[in-house]
Each structure stands twice: as C-alpha cells, then as structure tokens.
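Colleague: What shape does this take:
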Amino acid sequence: GCTSTITKTAIVTGEYGIFVPNAFTPDNDDLNEGFHPKGFGIDADDYSFFIFDRWGELIYETHTKFNAWDGSYKGEIVQNGVYVWKLDFKDINGQDHSKVGHVNIVR
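Modeller: Coordinates of the predicted model:
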C-alpha cells in the first residue's frame, strides 16, 4: 500500500544550427548565385556577416539575417579566389556566437 510521487522541473532550451557553404558560383546562370549562411534558431536582431579579401579589406557587410553576398565589391564582380567570412550572431537562447571561415568563388 505504499505510494510515492516525485516532481522535477526540466528546462528545455531551443537549439540552433548554422551551415556556411565553402564555395559559390556568381556567374549569372541562376544557380548558386549568392553566398550566405543558412540555419535555424538564429536571432535576427543581433546578426552581422562580413566578407574580407585576401588583404583583410572589408568588401561586404550585412546585418540582415541570411542576406546574400552576390560576389561583387563597389559594383564590380570580384576575382576568383578565396575570401574570408566572419559571422557574429545570437542564438534564440541569447548566447553570443562568432564563426570564421573561408569561401571560394568559382566561375
């Protein structure tokens, strides 16, 4: 005739996922024309995405979530090659994240 009850609180937090491609082809064939991160659980209000050339010059910047870079700088298409990107964002739990990588432009 013994009974028992246990109550525990579980806190479930949201997850985030981010994927950043390592190449894109801005060659006006309507396939893979823009470069941007993709993912879920990313706060749209605290988002910054930067592209730098091989000398460290900032050539693209956006604060609009998942806004794509079209491979141009000052109205001209950049050369084929490797460019560095930096992504700063907050996830839906309010934690700050910073990611750095590179992207190849191939035409």
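Colleague: Please count neighbours and contacts with C-alpha atoms only from this point.
Modeller: Noted.
Colleague: Tell me where the protein has strands.
Modeller: For the chain, strands defined by DSSP state E occupy the ranges 17-19, 23-24, 38-40, 42-52, 58-62, 72-73, 76-77, 81-91, 96-105.
Colleague: Look up which residues are beta-bridged to Phe52.
Modeller: Leu58, Val84 (DSSP bridges).
Colleague: shouldn't it be in contact with Val82?
Modeller: No - with contacts counted by C-alpha atoms under 8 Å, Phe52 stays clear of Val82, the gap being 9.5 Å.
Colleague: Now do Thr9: how many residues are near it, please.
Modeller: By the criterion of other C-alpha atoms under 10 Å, Thr9 has 5 neighbours.
Colleague: now Lys65
Modeller: Residues near Lys65, counting by other C-alpha under 10 Å: 19.
Colleague: dump the residue contacts of the residue lying closest to Asp27 once chain neighbours are set aside.
Modeller: Leaving aside its chain neighbours, Asp27 sits nearest to Arg107 (5.8 Å; criterion: C-alpha to C-alpha, 6 or more residues apart in numbering). Arg107 makes contact with Thr25, Pro26, Asp27, Asn80, according to C-alpha atoms under 8 Å, 6 or more residues apart in numbering.
Colleague: From those residues, keep the buried residues only.
Modeller: Among the contacts of Arg107, those classed as buried by 16 or more other C-alpha atoms under 10 Å are Thr25, Pro26, Asp27.
Colleague: The residue positioned nearest the centre of the chain and Trp69: what is the separation?
Modeller: Residue closest to the mean C-alpha point of the chain, counted by C-alpha atoms, centre = their mean, is Pro37 at 3.2 Å. Distance of Pro37 to Trp69, computed by C-alpha to C-alpha, to the nearest Å: 10 Å.
Colleague: Over to Trp55?
Modeller: 18 Å.
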